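Enquirer: how would this look folded up:
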Amino acid sequence: MKVCAVTHCDRRATAKGYCNPHYLRSRRGKPMDKPIRPKSVQWVGCLVEGCDRDHHSKGFCTTHYKQQQTFDETPAADRVQDALGLDGGWLTTAGIQLVTGYSESYLETVLEALVETGRVVRRVVGLSSRYGKGPGEMETRVEWRVK
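Expert: Model prediction:
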């Protein structure tokens, strides 16, 4: 087996005496003496402390990955719940969005998951409008509160 021509590199030579990363560097005119980034991280098990299951996706086992997908026990859910608990009263989606910085669509998904798990309560408030609505027609606003 031929070894890469660059000193301190023990990779197998594949083209013109260089390993693949050094060959690509030579073609691009980049310095050959800088260290090569290691290959991507290979997960061994779940990232959740105390979980000994095998890795499934993005560092989590199947169970914990699904929890991340359903937003019921994620840092985002905790952050939204903390934002709701700031004053203990009802907040609009826009108010929560200002505190958390999440997009409206993502925030709606997280809030709906929190309602399903019983951590948050939702109410719809009717507002009378003076602008562009006929008599008896009302606008609505959704508000959220920690249970």
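Enquirer: residues of the longest helix seen in the chain that come out buried?
Expert: Counting residues, the longest helix found in the chain (DSSP state H) is helix 104-116. Judged by neighbour count (16 or more other Cβ atoms under 10 Å), helix 104-116 contains these buried residues: 107, 110-111, 113-114. (Each C-beta comes from the backbone N, C-alpha and C, glycine too.)
Enquirer: I'd like a version of these in JSON lines, one that adds pLDDT as further columns.
Expert: Formatted as JSON lines, the entries for the buried residues of helix 104-116 read as follows, by pLDDT from 0 to 100:
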{"residue": "L107", "pLDDT": "79"}
{"residue": "V110", "pLDDT": "80"}
{"residue": "L111", "pLDDT": "83"}
{"residue": "A113", "pLDDT": "80"}
{"residue": "L114", "pLDDT": "82"}
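Enquirer: Redo those residues as JSON lines? Include distance to Y23.
Expert: Written out in JSON lines, the entries for the buried residues of helix 104-116 read as follows (distance: Cβ to Cβ, whole Å):
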{"residue": "L107", "distance to Y23": "47"}
{"residue": "V110", "distance to Y23": "46"}
{"residue": "L111", "distance to Y23": "51"}
{"residue": "A113", "distance to Y23": "48"}
{"residue": "L114", "distance to Y23": "52"}
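Enquirer: of all these, which comes closest to H55?
Expert: The closest of these to H55 turns out to be A113 (Cβ to Cβ; 23.9 Å).
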